Every structure is written in C-alpha cells, then in structure tokens.
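Novice: sequence and computational prediction follow.
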Amino acid sequence: MNIKPLGDRIVIKRLEAEETTKSGIVLAGTAKERPQEAEVVAVGPGAMVDGKRVEMEVKVGDKVLFSKYIGTEVKVDGEEYIIIKQEDVLAVVE
Amino acid sequence: MNIKPLGDRIVIKRLEAEETTKSGIVLAGTAKERPQEAEVVAVGPGAMVDGKRVEMEVKVGDKVLFSKYIGTEVKVDGEEYIIIKQEDVLAVVE
Amino acid sequence: MNIKPLGDRIVIKRLEAEETTKSGIVLAGTAKERPQEAEVVAVGPGAMVDGKRVEMEVKVGDKVLFSKYIGTEVKVDGEEYIIIKQEDVLAVVE
Amino acid sequence: MNIKPLGDRIVIKRLEAEETTKSGIVLAGTAKERPQEAEVVAVGPGAMVDGKRVEMEVKVGDKVLFSKYIGTEVKVDGEEYIIIKQEDVLAVVE
Amino acid sequence: MNIKPLGDRIVIKRLEAEETTKSGIVLAGTAKERPQEAEVVAVGPGAMVDGKRVEMEVKVGDKVLFSKYIGTEVKVDGEEYIIIKQEDVLAVVE
Amino acid sequence: MNIKPLGDRIVIKRLEAEETTKSGIVLAGTAKERPQEAEVVAVGPGAMVDGKRVEMEVKVGDKVLFSKYIGTEVKVDGEEYIIIKQEDVLAVVE
Amino acid sequence: MNIKPLGDRIVIKRLEAEETTKSGIVLAGTAKERPQEAEVVAVGPGAMVDGKRVEMEVKVGDKVLFSKYIGTEVKVDGEEYIIIKQEDVLAVVE
C-alpha cells in the first residue's frame, strides 16, 4: 500500500457483501445515509489543533462503519480504496 | 453487542411502542421534529476538545429521547440500532 | 417529573392563557416570532465549554418567555412539555 | 417592570415619534435596515464567554438606536417592549 | 455630535463629491461594491475579545474609504450619518 | 500614495499585460477564478488576533497573484488600485 | 520556479496520464469529486495559528492526490501549475 493520507484522513477498503454477512452485520438505513463496512488500510498522522497533533483513534486493520456517500475513491494496482476523514467514521466493529 | 462508536457518538436501540406506553411517556410534536425513546447500548469514548477527552454524560442502559430524523441505522444480528451523536440526545428519561 | 435534560437544555410547561393574563403579560409580535410564557420544570447540568461546566441561569419554577417555534414537544403522563436550550429563553418573568 | 432578560439581552421601549423629534434625531435609511430610537428598561447580566461574565455596556435609562427588524415584541401591563441582544444596539444617544 | 457607537462601531459622515475631487481620489468599482469616502465623527470603545478590549485603529477626523452598501443611516439635527463596523473600513486616506 | 489600508488589507496595482508577459507568466484558469498579477503599493499593519498583531507576509514592491474577482477598486490621482485582504493573495512572484 | 505561495498554499504540477500509469495508480471516483495526481513544486511557509507558524506536512517533490475541481491554474514559462491549500491534499503517494 503506497498511499499516505494527510492530517486526520484514513484510507479504507470497502468489505464485500460476503464479509459483511459473516460478521453478522447487515446495514439498513434511509436512502439519504447508508453506512457501509470497510477495513482501514492507512491512517494519517492526525489533525493539528492549536499546534499539537491529535492522536488518531482508528488503526490499520480496524473494521469501520462509514457513510456510503462520503470520501474520495482511488484505484491502486487494481484495488479500489476510499479516502475519508476519521470524523466520518461512525463506529468500529469488533 | 460488537459496535464501538467513535468520539461522542452513541449506539441506541429504539424502544417499542409498548415500552413507551409503560413508562408513561407519549411523544407528541410537529411533523418537523418528533422525538422517540430509545435505550443506550454503546457509548463512545467522548469527543476530543483542545487535546482533552470530554467525558460522556449518558451511559449504557440509559433511556433517552432523541429526534426521529437523526442518526444512521445499522442492523446487527437481526437487531436494528441507530448511531447518533450525544448532542442529539434531548433528555434522559428516569 | 421524570425527564432529565442533557447539557444546557431545559424542560418547560407552557402556561395557559388564563395564567398569562393573571401575570399581566400579553404577548404580541410578528407572525415570524411570537414568544410564549412557560414554567421551567427541569434544568440540565449546563453545557461543557473547554472542559468546564457552565452553570445554568434559570432554575426550576422560573417563568420564562420563549419563542413559540422553538423546541421539541413531549407528553408525559398526559401532560405536554417542551424541551428547549437555555439560550432560547428570552427572559425570566418575575 | 417585571421582565429580566437572560445573557446579553436587553429589554427596550420604543420612543414615540414626538420624543424622537425632541432629541433632534430623525432616522433615515434604506428599506432594508431602518434604525429606531428606544429606551433601555432592563439589562441582562451579560454573556458568558469562556466561563467569565462579560460586563454589559448599556444600562437602564440609556437611549439607544437599534434596527427596526430585530428583536421580539412583548406586551406587559398594556405597554409594548422589545427584547434584543446588546450586539444589536447600534449606538447610544447622549 | 450626540451619538456614541457601541463596540467596534464608528459613526461616519459621507464626504461630498467636491471634497472627494479635492483629495484627488475618484472611486471606481463594480456595481456590486463601490467604496465611498467619509470622515469619522465618532468611534466606539472597541470590541471585547476574550474579556479584553481591542483598541480601535481609526480615530475621529480620519478620512476613510468604505463600501457604499454597508451600514445604517441616521439623521441628526439635519445631518446624515452612517454607523458601520470598523472592520468594514477599507482604508484610511491620508 | 495616500491610502493606508486597515488590518490585513493591502493595496495593489494591477500589472499591464506587457509586464505580465515580460515576467514570463501567463495566467490561465476557469472562468470562475482567474488570477491576475499585481504589485503591492501599500500594506496594512496586520490583523489583530487575540489582542496581538499578526505580522504581514507581503511587503510593498512584491509582485503577487490574486483572483480577478476579489477586492474593491479605487482610483487615486488617475491611477486605479485594488484593496484586498492578504489572505486573498495566492502567491508572490519572484 | 519563481512562484512562492503564501500561508499554507502549495504549487503543484499535474502529472501526465503516462506517469500516473507508471506508479500503478488509476484514479476512479464519482463525477462530483475526481482526484488527480500531481507533484509538489513549491510550498508556502505554513499557516499562522494563534501567532505561531504551523509547519507544512508536504514538501517539494512529493507526489500528491488532490481533487480535480480545487485550486487556481497559472501558466509560468509555458508550463501549467495549480495553486491549492495543503488541506486540499488528500494523500501523499509514496
């Protein structure tokens, strides 16, 4: 993986429907906001607030829920990834 | 329960109409904002403000009123949950 | 009363027209913002600002003026209440 | 006077056209913003900023200019008053 | 002059076209924002920021450029004045 | 030059097309935002932030790129100038 | 290169499609936000926050992903560059 996100951004890889089923989570919701499950593959250094770096809460390998309509898609070596801000992560799935 | 919300988010489970009646609370309101009753099932670690963690005010087991049109619905093991921010909780019902 | 508002929210009970007349206050105003009189029945712990709790200015029993179009209505044991933020209280009537 | 404004709000009483003329001030302006003259009849304790109370700059008895389209009208014992925020006072007339 | 502006507001008197010409300044611009020249006739005590008074940069007698569409017009003893915030002063003409 | 900008404003003089060519810079861009080259002729004292003056980064004589649609035009002694805020300067051309 | 960006702006040069392919990155995405790859050719001194300079995270030579619809295009000596803010850089490609 050769993308290093800036600030409080993270790079995630959307989990396929099969994996979603395996973890027992099915995502429902209105058309306006439908969360999806993904795995974190890269984490930025954290945002700078008042000159101090704020430590990130998610780490590489975490499975996270995020809104489908957020983030920017990129394709690296044939794989699709999404770059989002950590604040757009709804929850970590354990 | 295997969803761990981030920051000041909480996971709640909507209470059925029967339970609502039992607690003596009937929710009225305009069509624009109709609160609903729910039980808190997971609580985030709290928001970071100026590098310090702000302690959460609600805890697991609290019954809360929240606006019907706020939050993101997820389904885990056949149960429906909603992820909202603590600031969107109107009140705790005791 | 079994509703405990969060943060700087308060729960108020709208005063009937008769009481309004008794206190000598008649509320006029444009259609856009018409204040109403209510009694405070529950007060939140206060907002958190920079990690410190800001003390509330209104207390249970205060009669307050508030804008008609603000807040969320709830019905408890047959009585109607409104949950608003303290900053939406215009004035205390003494 | 039995209305005690909260925060940095003040209660003012609009001066009649006669008084306006007497003080030598005639208010002109575009249709979009027309200031009016009023007398301050009640002053809030001041806004809370970072846990400290900010002292009010106007006091009871001050004659002030304010924008016609700002504030909420209330009627007490047959008299009409307006509740506005101090920041909406344009100037004190001496 | 009997108008005392609050906070960081100032009272200015628009300079006539003749004076504008004398100082060698002709004001051009788009229809959207056309600056005008005026003389400062009253200065507020300065804005309060974090409990401290911020000293004003303009003083009575200064000639200033300001946007035509900003401020509130008042008429005192037959003279027209404009109340604006200091931040809406573009520049001082020396 | 007799215009002294306030705060973090600067006064600039648009460079003619000839000069633009000489410096080897041609400005392209969408219709929405087309930068232009100008020379700084006056610099304000800097913005006040939390009671402290923030030093300006550009100085008189600097050639700067700025967006065509920003600022207020004034004409002094037959010359046209533009008043903009320093934050609207995209870059200094060296 | 003779453009020195101000504050937290950077100057970048869009990478051609050939280079994009070489690095193994293909950029996909919705029409609303399509990232592109570019090389950083100039970096501003960093933003001023509360009187302190915030160090920049990207440096000259970095390859970055940025949104296609952000920034201002300039042409210097026949080469096209884009001026953007560092916060609009999505990630550094290593």
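Specialist: Right, received. Where do you want to start?
Novice: the longest strand along chain A pairs with which strands?
Specialist: Scanning chain A for the strand with the most residues, using DSSP state E, yields strand A:35-43. According to DSSP bridges, strand A:35-43 has the following sheet partners: strand A:9-14 (antiparallel), strand A:63-67 (antiparallel).
Novice: just checking, next helix/strand downstream of that strand?
Specialist: strand A:48-49 (DSSP states H and E).
Novice: correct me, but A:K52 touches B:G51?
Specialist: Yes - A:K52 is within contact range of B:G51, at 5.5 Å (criterion: C-beta atoms under 8 Å). C-beta: built from backbone N, CA, C; applies to glycine.
Novice: the residue most central in space within chain A and A:K52, how far apart?
Specialist: The residue lying closest to the centre of chain A (C-alpha atoms, centre = their mean) is A:I12, at 4.1 Å. Going from A:I12 to A:K52 by C-beta to C-beta, to the nearest Å gives 26 Å.
Novice: nearest spatial neighbour of the residue nearest to the centre of chain A, skipping sequence neighbours?
Specialist: Closest residue to A:I12 apart from its sequence neighbours, by C-beta to C-beta, 6 or more residues apart in numbering or on different chains: A:A38 at 3.9 Å.
Novice: pretty sure A:I3 sits against G:V93.
Specialist: Yes - the criterion here is C-beta under 8 Å, and A:I3 meets it with G:V93 at 5.8 Å.
Novice: where are the low-confidence patches of chain A?
Specialist: Within chain A, the stretches with pLDDT under 70 are A:1, A:16-34.
Novice: what ranges do the strands span in chain A?
Specialist: A:3-5, A:9-14, A:25-26, A:35-43, A:48-49, A:52-53, A:63-67, A:72-76, A:79-85, A:89-93.
Novice: who wins for proximity to E:K85 among the ones you listed?
Specialist: Nearest to E:K85 among the strands of chain A is strand A:48-49 (29.4 Å), distances taken as C-beta to C-beta.
Novice: my guess is A:V60 contacts A:K13. True?
Specialist: No - between A:V60 and A:K13 there is no contact under C-beta under 8 Å: 10.8 Å.
Novice: which of these two has more neighbours?
Specialist: The neighbour count for A:V60 versus A:K13, taken as other C-beta atoms under 10 Å in any protein chain shown, is higher for A:K13 (16 against 12).
Novice: who's in contact with A:A38?
Specialist: Taking C-beta atoms under 8 Å, 6 or more residues apart in numbering or on different chains, we find A:A38 in contact with A:12-15, A:63-64, A:66, A:82.
Novice: so what sits opposite A:V11 in the bridge?
Specialist: Bridge pairing for A:V11 - DSSP bridges - gives A:A42, A:I83.
Novice: what's the burial count for it?
Specialist: When neighbours are defined as other C-beta under 10 Å, A:V11 has 25 of them.
Novice: so what's the residue in chain A that chain D sits nearest to up against?
Specialist: Closest contact between chain A and chain D, by C-beta to the nearest C-beta, is at A:D50 (14.5 Å). For A:D50, the contacting residues are B:50-51, G:49-50, by C-beta under 8 Å, 6+ apart.
Novice: for A:E55, give me phi and psi.
Specialist: Reported as degrees, to the nearest 10, the phi and psi values for A:E55 are phi -60, psi 140.
Novice: separation between it and chain E?
Specialist: 28 Å (C-beta to the nearest C-beta, to the nearest Å).
Novice: residue in chain A with the shortest distance to chain F?
Specialist: A:D50 (11.7 Å).
Novice: okay, now the residue lying closest to A:Q86 once chain neighbours are set aside: neighbour count?
Specialist: Excluding the flanking residues, the one nearest A:Q86 by C-beta to C-beta, 6+ apart is A:D8, at 4.7 Å. A:D8 has 22 neighbouring residues, counting by other C-beta under 10 Å.
Novice: was I right to think A:D8 contacts A:I83?
Specialist: No - applying C-beta under 8 Å as the test, A:D8 and A:I83 come out as separate, 11.3 Å apart.
Novice: distance check, the nearest residue to A:G51 once chain neighbours are set aside against G:G7.
Specialist: The shortest distance from A:G51 to any non-neighbouring residue, by C-beta to C-beta, 6+ apart, is to G:K52 (5.5 Å). Distance, G:K52 to G:G7, using C-beta to C-beta: 13 Å.
Novice: which of those two has more neighbours?
Specialist: More crowded of G:K52 and G:G7, by other C-beta under 10 Å: G:G7, with 20 against 11.
Novice: these two touch, right, the more buried one and G:G44?
Specialist: Yes - the criterion here is C-beta under 8 Å, and G:G7 meets it with G:G44 at 5.2 Å.
Novice: ok, and the closest non-adjacent residue to A:V58?
Specialist: In space, A:V58 is closest to A:V40, 5.4 Å off (C-beta to C-beta, 6+ apart).
Novice: now do the contacts for that neighbour.
Specialist: Neighbouring residues of A:V40 by C-beta under 8 Å, 6+ apart: A:10-12, A:58-64.
Novice: out of those, which is nearest to C:I70?
Specialist: A:V64 (36.0 Å).
Novice: and the closest one, bridged to which residues?
Specialist: Applying DSSP bridges, one finds that A:V64 bridges with A:A38, A:V92.
Novice: quick one, what contacts it?
Specialist: Going by C-beta under 8 Å, 6+ apart, A:V64 touches A:12, A:37-40, A:58, A:89-93.
Novice: for the residue in chain A that chain C sits nearest to, grab phi and psi.
Specialist: Closest contact between chain A and chain C, by C-beta to the nearest C-beta, is at A:D50 (11.6 Å). Torsion angles at A:D50 (phi, psi; degrees, to the nearest 10) stand at phi 50, psi 40.
Novice: show me which residues of chain A sit near chain G.
Specialist: A:2-7, A:9, A:11, A:42, A:44-45, A:48, A:50-51, A:72-77, A:80, A:83 (C-beta under 8 Å from any C-beta of the partner chain).
Novice: can you select the buried ones from these in ChimeraX?
Specialist: A single ChimeraX command selects the buried members of these (16 or more other C-beta atoms under 10 Å in any protein chain shown):
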select /A:3,4,5,6,7,9,11,42,44,45,48,72,73,74,76,83
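Novice: and which of the contacts of A:A38 is nearest to chain B?
Specialist: Nearest to chain B among the contacts of A:A38: A:V64, at 8.2 Å, using C-beta to the nearest C-beta.
Novice: partners of A:R53 in the sheet?
Specialist: A:M48.
Novice: wait, it sits on A:P45?
Specialist: Yes - using C-beta under 8 Å, A:R53 is in contact with A:P45, at 6.4 Å.
Novice: hmm, A:E37 is touching A:K13, no?
Specialist: No - judged on C-beta under 8 Å, A:E37 makes no contact with A:K13 at a distance of 10.3 Å.
Novice: so what's in contact with those two at the same time?
Specialist: Counting by C-beta under 8 Å, 6+ apart, nothing touches both A:E37 and A:K13.
Novice: tell me what A:E79 is bridged to.
Specialist: A:V76.
Novice: next, count neighbours for it.
Specialist: Neighbour tally, A:E79, other C-beta under 10 Å: 11.
Novice: touching, it and A:K13? I think so.
Specialist: Yes - using C-beta under 8 Å, A:E79 is in contact with A:K13, at 6.9 Å.
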